[in-house]
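Trainee: using only what follows, build the 3D model:
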Amino acid sequence: MNLRDFGQKIKEHKLLDLASVKDEDGTLWIGIKHLEKEDGREVPLEHIEANSWEHLEPVLLGIKEGSIMRHITRIVGYYSRTACWNASKLEELADRHKGKYSLPEVA
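Mentor: Model prediction:
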């Protein structure tokens with residue numbers, strides 16, 4: 001999928017938003033955040049171009065694990081990659097996803 005179409009899909013999506021774009025060691029990484037979970041994924045541009053939206057969307061939503069993406073989250077106050085976290089911080093991440101974060105309706 002081309003980058004323009006990918007950007008349009010992210011813009012129209014209710015749960016995903018563009019978080020960052022960075023060049024790291026000659027690879028352009030696109031950061032996508034999940035609006036409800038306050039976490040996200042970093043995707044190399046070459047993998048966006050090589051895959052369809054149907055393949056990318058479930059990985060970006062955390063429904064399916066993607067080996068080409070890096071999981072990032074904001075638990076520690078800033079976005080960081082979870083691949084280098086210790087076991088207790090990973091458990092904290094798992095515990096945070098269990099909560100109910102919606103607000104009750106006000107009459």
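Trainee: what segments of the protein are helices?
Mentor: 3-12, 45-50, 53-60, 87-96 (DSSP state H).
Trainee: out of these, deepest packed?
Mentor: helix 53-60 (a mean of 16; mean count of other CB atoms under 10 Å). For the C-beta atoms, the positions are set from N, CA and C on the backbone; glycine is no exception.
Trainee: other SSEs contacting that helix?
Mentor: helix 3-12, strand 39-44 (3 or more CB pairs under 8 Å, 6 or more residues apart in numbering; DSSP states H and E).
Trainee: lowest average pLDDT across these?
Mentor: When the helices and strands packed on helix 53-60 are compared on average pLDDT, strand 39-44 comes out lowest at a mean of 83.
Trainee: and Asp23, which of the helices and strands packed on helix 53-60 is closest to it?
Mentor: strand 39-44 (10.8 Å; CB to CB).
Trainee: mind putting the helices and strands packed on helix 53-60 into JSON lines with distance to Lys89?
Mentor: Listed next are the helices and strands packed on helix 53-60 as JSON lines, based on distance: least, CB to CB, whole Å:
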{"stretch": "helix 3-12", "distance to Lys89": "28"}
{"stretch": "strand 39-44", "distance to Lys89": "13"}
